[in-house]
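>>> Provided below are the primary sequence and the corresponding predicted coordinates.
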Amino acid sequence: MTQSRYGDVSVGLDNHVAQVEIHRPPHNYFDVQLIRDLAEAFNALDTDSNCRVSVLSAEGKSFCAGANFANRAATGVEPGTAKGNPLYSEAVRLFNCKKPLVAAVQGAAIGGGLGLALVADFRVVTPEARFAANFVKIGIHPGFGLTYTLPRLIGFQRANLMFLTGRRINGEEAVAWGLADILAEPERLRAAATGLAAEIAENAPLAVVSTRNTVRRGLAETVQAQTDIEFVEQDWLMRTEDHREGIKAVAERRPGNFTGR
């Protein structure tokens, strides 16, 4: 197996399947640098003829619990200081990658972590997996292209339910809703994800990439346009009292006392 490293992202390649793993346990919070490292890793795999499919996994309790708001500057930009968010520029690079991707999701995929999971073509999950678009819980607008990718995957009504309630969906519900594709016990999660990747990798690679490109045509461009809108909404909402209260409430594990200011 060949191996390489991109910051907190490791890459191993064996039998045409790349194993891409995030190493920020226990919750794998992301920032611009982590998403950039993932984009660099997948871009390199796109140019490697030995790679046909990738599996994205994460070390620790959670797949990705979202952005680390304790270090806001690392998550993108301070509110009101820029016309665009570099985080979303890196996210669009992920959507532009050419080869199929299977995500192995254990624990939480929350907020932007859900957005990251939806970059993948398929999601293999455990019953304990938790998916949430919990942005309203912290007083901001959804991001990471979720206002396009989530309704596209599970339908407008279910996506709207997740957006406006912030409720969590477990692994079994995720499969029933079409948010995930395969349910596996925790000890079998990576094997199941790798098995699906291997099933794809045994097919003609040029035909696989060509078919995927047709199915996903326009996806990255639409995500780019959607994240531009999402960032504008997030920018002003991040300056509200409700957002400050939401961050505090989540940290204190209580409902927010929101005032609409």
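On my side now, so go ahead. Numbers count the residues shown, from 1 in each chain.
>>> Tell me which residues touch the closest residue to residue 149 other than its chain neighbours, please.
In space, and not counting its chain neighbours, residue 149 is closest to residue 118: 4.4 Å by CB to CB, 6 or more residues apart in numbering. (C-beta placed from N, C-alpha, C; glycine too.) The neighbours of residue 118, taking CB atoms under 8 Å, 6 or more residues apart in numbering as the test, are 144-146, 149-150, 153.
>>> now do 7 Å
Residue 118 makes contacts with 146, 149-150, 153, as judged by CB atoms under 7 Å, 6 or more residues apart in numbering.
>>> Residue 57 should be in a strand, yeah?
Yes - counting by DSSP: H, G, I helix; E, B strand; the rest coil, residue 57 is part of a strand.
>>> so what's it closest to, chain neighbours aside?
Residue 57 sits nearest to residue 104 (CB to CB, 6+ apart), 4.2 Å away.
>>> Could you look up the SS state of that neighbour?
strand.
>>> Likewise for residue 98?
coil.
>>> for it, phi and psi?
Dihedral angles phi and psi of residue 98 (degrees, to the nearest 10) take the values phi -90, psi -30.
>>> still on that earlier bit, tell me the phi and psi of the residue nearest to residue 149?
The phi/psi pair for residue 118 (degrees, to the nearest 10) is phi -80, psi 0.
>>> Where does residue 153 sit, in terms of helix or strand?
helix 146-154 (DSSP states H and E).
>>> Distance from the helix or strand following that helix to the middle of the chain?
Later in the chain than helix 146-154, the nearest helix or strand by DSSP H and E is helix 156-165. Here the centre of helix 156-165 is set off from its chain's centre by 17 Å, with CA atoms, centre = their mean, to the nearest Å.
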